[in-house]
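J.: Mind looking at a prediction? Sequence and model below.
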Amino acid sequence: MIDEQRQRFVAIECVLGVLLILGLGTRLAAALVTFHLAGVIIAIGYNEIAVRDSVMLLAALALAALGPADCHYCVDTYRASPPVSS
């Protein structure tokens, strides 16, 4: 039961990580990562892993709030407005 639940969490982390790396649905993926990391921090309690995850939570929260503004490598930017060719 625990191994099956852990495998689901790892799969969710991998999918969200790939979405963030590719820049697909960046704000949504970052918001989901924020909630996921908050759950992990609550579940494991206060230790060095929770401190590391809290820093990642703050980074994901900032990315969810600010988004990929003028990011030339994010697919979200190209979907919002196609680049102008010169």
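T.: Structure received. Residues are numbered from 1 along each chain as shown.

J.: Report the residue spans of this structure with pLDDT below the cut-off.
T.: 1-2, 68-86 (pLDDT under 70).

J.: For it, just list every one of the helices.
T.: 2-22, 26-44, 48-66, 75-80 (DSSP state H).

J.: tell me which residues in stretch 5-21 are buried?
T.: 16, 19-20 (16 or more other CB atoms under 10 Å). No exception for glycine: its C-beta is placed from N, CA and C like everyone else's.

J.: burial of the nearest residue to residue 33 once chain neighbours are set aside, as a residue count?
T.: Nearest in space to residue 33, with sequence neighbours left out and distances taken as CB to CB, 6 or more residues apart in numbering, is residue 60 at 4.3 Å. Residues within reach of residue 60, counting by other CB atoms under 10 Å, total 23.

J.: from now on call the first residue 43
T.: Got it, first residue is 43 now, which makes that one residue 102.

J.: and residue 102, what does it touch?
T.: By CB atoms under 8 Å, 6 or more residues apart in numbering, the contact list for residue 102 reads 72-73, 75-76, 79.

J.: okay, the residues you listed in CSV with neighbour count and distance to residue 108 next?
T.: Formatted as CSV, the contacts of residue 102 follow (neighbours: other CB atoms under 10 Å; distance: CB to CB, whole Å):
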residue, neighbour count, distance to residue 108
72, 22, 9
73, 17, 12
75, 23, 14
76, 20, 13
79, 22, 17
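
J.: wait, which of those residues is closest to residue 54?
T.: residue 75 (9.2 Å; CB to CB).

J.: Contacts only, for that closest one.
T.: 58, 62, 98, 102, 106.
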